[in-house]
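Peer 1: pasting the sequence and the predicted coordinates here, then a few questions.
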Amino acid sequence: MVDTVKTRPPELECYPMSARPPDLVPGRQSRDWMDAFISRHPYRCLPLNMANTTGWEILCPFAFSAEWNGGPRQEDIVITPDRPQHDLDHFVTSHFSRGVLTLHPQYLFRTPPGWGMMCSGSPNHVKDGIQPLVGLIETDWLPFPFTMNWIFTRPGRIRFEKGEPFCFINLIEHKKVEQFQPVIRTLESNPVMKGQFEAWNRARTDFNQRLAGGDPDAAKEAWQRYYFKGELPENLGAAPQTHSNKRRLKAPRIG
């Protein structure tokens, strides 16, 4: 008999803690500072693109400013929304003092057994004057929500726009990390990898020399795409089929 039972995909359960929680969306690739480069060069860096989109963003429901005078007290941070918000303290507060700004994602998350949640700022989303703090939460059992915290790097004023990500969540089988044993080896101990590296290095050096010398073919190519396309130079084989150059995460649905 043919087994027609389909395995259900794992679920990230998201339980709103308020009537109108912040929007939760798949991580977006674009960054203002990346757009500002000539020909948007940073988008050629696949690791940046993949990091930007490997997780979900939680977005600010309204715009606000926060100013820290450098003092150690809670009241040394003053939070000012662009428009009056009757539930301001339910979203953003000065709770921990000493320049720490606390924001509430307003979701209780539940992950499958063994999976936890990494909570941070959106990768490569740069904010001057304030730094996101990173937390790892055991969401496979925790029965209450967590907060997202940012710390001022100096006295001053910062701003979050409406729709700007204030929290980025990603999932990790964190207990399995403990099983790994880092091992330092010489490249010569792995002849296959050594050959692949040397072939890449030759191709990279030749391309850069041609580009610097004004070679029209190199200029037209503009940049090498081995990693982006999942290729190895000099016919040394192919990257595994698991290679990804675009992330497609699912948007939340109503369960």
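Peer 2: On my side now, so go ahead.
Peer 1: show me what contacts Cys170?
Peer 2: No Cys there; residue 170 is Asn. If a contact means Cβ atoms under 8 Å, 6 or more residues apart in numbering, then Asn170 has 54-56, 117-118, 120 as its contacts. Glycine gets a C-beta too; all of them are placed from N, C-alpha and C.
Peer 1: any chance of JSON lines for those, columns distance to Arg98?
Peer 2: Shown next, in JSON lines, are the contacts of Asn170 (distance: Cβ to Cβ, whole Å):
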{"residue": "Thr54", "distance to Arg98": "32"}
{"residue": "Gly55", "distance to Arg98": "28"}
{"residue": "Trp56", "distance to Arg98": "29"}
{"residue": "Met117", "distance to Arg98": "25"}
{"residue": "Met118", "distance to Arg98": "24"}
{"residue": "Ser120", "distance to Arg98": "20"}
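Peer 1: tell me which of those residues is nearest to Ile77?
Peer 2: Ser120 (20.6 Å; Cβ to Cβ).
Peer 1: and the nearest residue to the closest one once chain neighbours are set aside, how far from Phe207?
Peer 2: Spatial nearest neighbour of Ser120, excluding adjacent residues (Cβ to Cβ, 6 or more residues apart in numbering): Val134 at 4.3 Å. Separation of Val134 from Phe207 (Cβ to Cβ, to the nearest Å): 37 Å.
Peer 1: neighbour count: those two, which is higher?
Peer 2: Between Val134 and Phe207, Phe207 has the larger neighbour count (other Cβ atoms under 10 Å), namely 17 against 12.
Peer 1: is the more buried one within a helix or a strand, and which one?
Peer 2: Using DSSP states H and E, Phe207 sits in helix 191-212.
Peer 1: now for that helix, which elements pack on it?
Peer 2: Packing partners of helix 191-212 (3 or more Cβ pairs under 8 Å, 6 or more residues apart in numbering; DSSP states H and E): helix 216-221.
Peer 1: let's see that with 10 Å instead.
Peer 2: With contacts defined as 3 or more Cβ pairs under 10 Å, 6 or more residues apart in numbering; DSSP states H and E, the packing partners of helix 191-212 are helix 216-221, helix 226-229.
Peer 1: in the lengthiest strand in the chain, what counts as buried?
Peer 2: The residue-count maximum for a strand in the chain (DSSP state E) belongs to strand 165-172. By 16 or more other Cβ atoms under 10 Å, the buried positions in strand 165-172 come out as 165-171.
Peer 1: could you work out the most separated pair of those?
Peer 2: Phe166 and Leu171 (18.8 Å).
Peer 1: please enumerate the strands of the protein.
Peer 2: Ranges of strands in the chain, per DSSP E, are 13-16, 24-26, 56-59, 64-68, 77-81, 92-93, 100-103, 107-110, 116-120, 130-132, 135-137, 148-152, 156-160, 165-172.
Peer 1: so what strands line up beside the fifth one?
Peer 2: Based on DSSP bridges, the pairing partners of strand 77-81 within the sheet are strand 64-68 (antiparallel).
Peer 1: over to the longest one?
Peer 2: For strand 165-172, sheet partners with direction are given as strand 56-59 (antiparallel), strand 116-120 (antiparallel), following DSSP bridges.
Peer 1: so which of those strands gets nearest Arg159?
Peer 2: Across these, Arg159 has its closest neighbour in strand 56-59 (14.7 Å, Cβ to Cβ).
Peer 1: go ahead and name everything in contact with that closest one.
Peer 2: Outside strand 56-59, the residues that touch it by Cβ atoms under 10 Å, 6 or more residues apart in numbering are 12, 14, 21-28, 103-107, 117, 119, 121-122, 125, 148, 160-171, 249-252.
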